[in-house]
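Peer 1: have a look; sequence and predicted model below, questions after that.
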Amino acid sequence: MKNFRWRKGFVFFVIIIPGILFLGLAIKLLWNAILPGVVHVSPVSYLQALGILVLSRILFGGFNKGHWRADRGRHMRERFANLTPEERERFKEEWRGRWGRRDCREDKGSS
């Protein structure tokens, strides 16, 4: 358990914090390079860029750490597991049709 906490802290300080700081720098550079000339806004400082990053995360992403994705995946796996074999095959065919994927055997036969 202590080893897991140590790794989690290591990841936080070595990957997460520098990643956030780098994103703040990227936002500052992109904002100052593009927006003042296009929409005539004033350039932003580094701290303002970090504020924009936090604000955009709140408005568009939330702070849920991706839990909804894991829950949705589990839900879809359970739903797929409860399908009958006929329903499974129909589901697979529908998705193959949506995404334009063909079975490899079909490709070999058409050559």
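Peer 2: Looks like it arrived, so ask away.

Peer 1: Arg57: neighbour count?
Peer 2: Neighbourhood size, Arg57 [other Cβ atoms under 10 Å]: 13. Heads up, the C-betas are built off the backbone N, CA and C, glycines and all.

Peer 1: I misspoke; the intended subject was Ala49.
Peer 2: 21.

Peer 1: same thing with Tyr46?
Peer 2: 13.

Peer 1: contacting residues for it?
Peer 2: 24-25, 28 (Cβ atoms under 8 Å, 6 or more residues apart in numbering).

Peer 1: mind redoing it with 6 Å?
Peer 2: Counting by Cβ atoms under 6 Å, 6 or more residues apart in numbering, Tyr46 touches Lys28.

Peer 1: can you give me the distance of it to Asn32?
Peer 2: Applying Cβ to Cβ, to the nearest Å, the value for Tyr46 to Asn32 is 10 Å.

Peer 1: on the three-state scheme, Glu87 is what?
Peer 2: helix (DSSP: H, G, I helix; E, B strand; the rest coil).

Peer 1: what's the distance between it and Glu93?
Peer 2: Using Cβ to Cβ, Glu87 is found at 11 Å from Glu93.

Peer 1: which of the three states applies to the nearest residue to Pro36 once chain neighbours are set aside?
Peer 2: Residue nearest to Pro36 in three dimensions, not counting chain neighbours: Pro43, with 5.7 Å by Cβ to Cβ, 6 or more residues apart in numbering. In three-state terms, and counting by three-state DSSP, Pro43 is coil.

Peer 1: next, count neighbours for Pro43.
Peer 2: Residue neighbour count, defined by other Cβ under 10 Å, stands at 12 for Pro43.

Peer 1: in this structure it contacts Asn32, no?
Peer 2: Yes: between Pro43 and Asn32 there is a contact under Cβ atoms under 6 Å: 4.4 Å.

Peer 1: in stretch 19-34, which residues are buried?
Peer 2: Within stretch 19-34, the residues scored as buried using 16 or more other Cβ atoms under 10 Å are 24, 27-28, 31-32.
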